[in-house]
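Q: sequence plus predicted model, see below.
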Amino acid sequence: NRAGRLCFGVAPVEKWRISHIFPVTQKGFSEKIRWAVKLGKRRFVVSARPTSFMSAPNSRLPDSRARYSVWALLQLTALYFPITFFWSATLSQLLPARIETLAGNEKGVAMALIGGGGAVAATVCMLIVGPLSDNTRHRYGRRFPWVFYGVLLGAAGALGFALAPTLFWLLLAFVAARLGLAAVIAGYEAILPDRLSPQQHARAASFGECFDLLGQFAGLAVTLLLVQGALGQLLGRSIAPDDESWLAKLLICALAAVLLLIVFTVSLPWLRENTDEKTRAARESQMRAWREVLPRVFRFSLASAPDFASLYIARCVLNIGTLTAVHFIRYFVDETATAGVDVAGEVVKIGIALTIGGVVGALCAGVIGDRISKRTLLSVFCALCSFTAIGFVFENSLEDARGWAFAFGIGFSAINTLSWSWATTLVPRGREARYLGAFQSSFLLPQIYVFGIGGLIGHQFGYRALFCTIPVYLLLGAALLFKVHEPRFAR
C-alpha cells in the first residue's frame, strides 16, 4: 500500500468477502499467513498485492494515511447527544409519569408492556437494519437512508410521546421512537469504521462517549428542573400544576426532537458521501441482496470473526462489573447516609462527579488509545475501577465518595471507549453494521444479570458487599482480553 507495507486479506471462498485485513511487515508475512489460515474450519483464500486499499463487495477501506480533523470527528459523533438526551429524560422521569397518568392503577402492567415491548422492538430492529444497511445502495452512501429516515421517525415519535391521548397511542409513539433511533444507531455506528482510518477509531469513540455522557446528564438535569415545578418560575407566571406538568413534558420532548433535527443537519455534510449508486441496476442489485440477507439476518458466522466473539464475551463480563456500580449507587448512598441527609441530592452530586470523570476518561482514552495497545490500556483502567470499587466499600463519608465516583467515571468511560474502538477493527469488512449492531447487546444482556443476581446479593448481604464483587468481574474481563488478537494498525 502507500505506506510501503505488505497487506493481505482473508476471505471465505464461498462468499468472497474479506473478513480480516492486516498490515504487516515483509519479515512477519509468512507468520501472519499461518495464523490466518487457522481461523476456523472453513477454507480461506490468502492473497497479497501492493495496492492503495483492499475492499470487499459493498465496502471501502479508507486510506490509512487519511485523517479527519477534530472538528470533523465532533460532527461525525455529535448525533449521540440528542439520542441519549431523549432516552435519559424519557426512561428516568417521563415514561413513568405518562404511564401513571394514562394507566392509573394498572401502571405496572403498562410499564412492562410499553417499556419491555420498546426494548425488544429496538433490539430486533438493530439486528435487522444492520445487515440491510451493509447491502444498501444509495447515492449518498449505504448508511445515509437509515440515519435520515430514522431521525425523522424518532423525532415524530418523540412529539407523539408527549401528545398521546391514550395508552394505545403512547405505545405506538414510544415504539416508533425506539424503532427510529435504533435504525439511526445501527447505521450511524457503522459510518465510523467505514470512513475513518483505524488510527482514529479511539479518538472518535472518545468523542462519542463524551456526547453520550453529556446527553445523559443534560436529559436528567432538564427533566428534574422542569418536572419539579420550575417551568412556571422560568415563564414568570402562575400555572396550574396539571397544566404545568403536561407543558413540561411537551417542552422536553419537543426540545429532544428539535435537537435531533438540528444536530443531524449540522452533521449532514460529514454523514453522506457521493457515490454512483443511482442507476436502476444498482437498485435491482440492492433488492436481490436484501432478499438474500433477510433469511440469514440472525445468523452470525463466528468463524469469520473469532476475535470479535472473544471481545464480545470479555465486554459482557466487564459490563457486569461497571453496571453493578452504576445501577446500585443510590442504594449505596442510602446505606451510607446518616439521618437528615438528602439522599436524592447526594445521588445527583455523585452523578455529576461520575459524569465529569467520565468525560475526562473518554478524552484521555481517545488521545492515548490510538498510540498504545488497547489491551494494555483496558487492563490499567480495569485495575483503576477495581481499586475505586474497594474504596467505596470502606468509605463512610459521602463527600469523599464523590472523589471515588470521579475516579470510577474515568475508568468506566475509558473502558467503553477503548472496547468499542477495538471492536470496530475486528468486524468483518462489508458487514460492519451487522456486527456492531450485535455488539450493542453486550450492554443490554449484562443488565439482566446485574439486576437479578446483584439485587439478590445486595438484599442478602448489603450493598457494600455487592461492591466487593465488582473487582472480580473486572479482573476476569481483563484476563479474557488476552485471548483477543489486536491488529497492529489498531495501535
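A: Structure's in. What do you need?

Q: where does the prediction get shaky in the chain?
A: Counting by pLDDT under 70, the chain has low-confidence residues at 1-67, 92, 107-108, 227-243, 274-304, 339, 344, 430, 488-491.

Q: change it to 50
A: 1-65, 490-491 (pLDDT under 50).

Q: buried set for stretch 376-393?
A: For stretch 376-393, the neighbour count (16 or more other Cβ atoms under 10 Å) marks 377-379, 381-382, 384-386, 388-389, 391-393 as buried. Any C-beta I mention is one placed from the backbone N, CA and C, and that applies to glycine too.

Q: any chance of CSV for these, columns secondary structure and distance to Phe217?
A: Shown next, in CSV, are the buried residues of stretch 376-393 (DSSP: H, G, I helix; E, B strand; the rest coil; distance: Cβ to Cβ, whole Å):
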residue, secondary structure, distance to Phe217
Leu377, helix, 25
Leu378, helix, 25
Ser379, helix, 28
Phe381, helix, 21
Cys382, helix, 24
Leu384, helix, 21
Cys385, helix, 20
Ser386, helix, 25
Thr388, helix, 20
Ala389, helix, 22
Gly391, helix, 23
Phe392, helix, 21
Val393, helix, 26
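
Q: how about the helix or strand where Phe217 lies: buried residues?
A: Under the criterion of DSSP states H and E, Phe217 resides in helix 201-225. Buried residues in helix 201-225, counted by 16+ other Cβ under 10 Å: 201-223.

Q: now the terminal residues of stretch 368-382, how far apart.
A: Its first and final residues considered, stretch 368-382 spans 16 Å by Cα to Cα, to the nearest Å.

Q: same deal with stretch 87-96?
A: Counting by Cα to Cα, you get 13 Å between the two ends of stretch 87-96.

Q: contacts for it, please.
A: Residues outside stretch 87-96 that contact it (Cβ atoms under 8 Å, 6 or more residues apart in numbering) are 107, 111, 114-115, 161-162, 174, 177, 181, 215-220, 222-224, 227, 249, 252-253, 256.

Q: distance from it to the middle of the chain?
A: Distance of stretch 87-96 from the chain centroid (Cα atoms, centre = their mean, to the nearest Å) equals 18 Å.

Q: kindly report the same for stretch 205-215.
A: For stretch 205-215 - counting by Cα atoms, centre = their mean - the centre lies 10 Å from the chain centre.

Q: go on, stretch 352-360?
A: 17 Å.

Q: can you verify my assumption that Ala119 contacts Arg178?
A: Yes - using Cβ atoms under 8 Å, Ala119 makes contact with Arg178 at a distance of 7.5 Å.

Q: contacts for stretch 112-131?
A: Residues outside stretch 112-131 that contact it (Cβ under 8 Å, 6+ apart): 91, 95, 99, 146, 167, 170-171, 174-175, 177-179, 181-183, 185-187, 190, 293-294, 296-298, 431, 433-438, 440-441, 444.

Q: got a markdown table for the buried residues of stretch 376-393, with distance to Arg137 too?
A: Output for the buried residues of stretch 376-393, formatted as a markdown table (distance: Cβ to Cβ, whole Å):
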| residue | distance to Arg137 |
| --- | --- |
| Leu377 | 38 |
| Leu378 | 37 |
| Ser379 | 42 |
| Phe381 | 40 |
| Cys382 | 42 |
| Leu384 | 45 |
| Cys385 | 44 |
| Ser386 | 48 |
| Thr388 | 48 |
| Ala389 | 48 |
| Gly391 | 53 |
| Phe392 | 52 |
| Val393 | 55 |
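
Q: and which of those residues is nearest to Ala325?
A: Ala389 (6.2 Å; Cβ to Cβ).

Q: and that closest one, how far from Ala119?
A: 27 Å (Cβ to Cβ, to the nearest Å).

Q: OK, contacts around the one residue sitting closest to the centre of the chain?
A: Nearest to the geometric centre of the chain sits Gln440, at 6.1 Å (Cα atoms, centre = their mean). Counting by Cβ under 8 Å, 6+ apart, Gln440 touches Thr123, Met126, Ile185, Glu189.

Q: contacts only, for the last one.
A: Taking Cβ under 8 Å, 6+ apart as the definition of contact, the neighbours of Glu189 are Ala433, Leu436, Gly437, Gln440.

Q: Glu395 now?
A: Contacts of Glu395 (Cβ under 8 Å, 6+ apart): Thr336, Ala401, Trp404.

Q: ok, which stretches of the stretch 1-150 of the chain are strands?
A: Secondary structure of the stretch 1-150 of the chain by DSSP state E, counting those that start in this stretch: the strands cover 6-12, 20-24, 44-48.

Q: and stretch 475-490, how far out from the chain middle?
A: 19 Å.

Q: just stretch 132-139 next, same as before
A: Put simply, stretch 132-139 sits 22 Å off its chain's centre (Cα atoms, centre = their mean).

Q: returning to that earlier point: now the phi/psi pair for the residue nearest to the centre of the chain, please.
A: phi -60, psi -30 (degrees, to the nearest 10).

Q: distance of it from Ile83?
A: Counting by Cβ to Cβ, the gap from Gln440 to Ile83 is 13 Å.

Q: okay, and the common contacts of those two?
A: Residues touching both Gln440 and Ile83 (Cβ under 8 Å, 6+ apart): Ile185.

Q: Gln200 touches Tyr68, doesn't it?
A: Yes - with contact defined as Cβ under 8 Å, Gln200 reaches Tyr68; the gap is 6.2 Å.

Q: how about His459, what does it touch?
A: Contacts of His459 (Cβ under 8 Å, 6+ apart): none.

Q: sorry, wrong one. I was asking about Trp420.
A: Shown in contact with Trp420 (Cβ under 8 Å, 6+ apart): Ala205, Gly208, Glu209, Phe439.

Q: helices and strands around the longest helix seen in the chain, which ones?
A: Ranked by residue count and defined by DSSP state H, the top helix of the chain is helix 241-271. Counting contacts by 3 or more Cβ pairs under 8 Å, 6 or more residues apart in numbering; DSSP states H and E, helix 241-271 packs against helix 70-77, helix 80-89, helix 95-103, helix 144-163, helix 201-225, helix 231-235.

Q: swap the cut-off to 6 Å and go again
A: Helices and strands touching helix 241-271, by 3 or more Cβ pairs under 6 Å, 6 or more residues apart in numbering; DSSP states H and E, are helix 70-77, helix 80-89, helix 144-163, helix 231-235.

Q: orientation of that helix relative to helix 95-103 in degrees?
A: Counting by axes from the mean of the first three to the mean of the last three Cα atoms, to 10 degrees, helix 241-271 lies at 130 degrees to helix 95-103.
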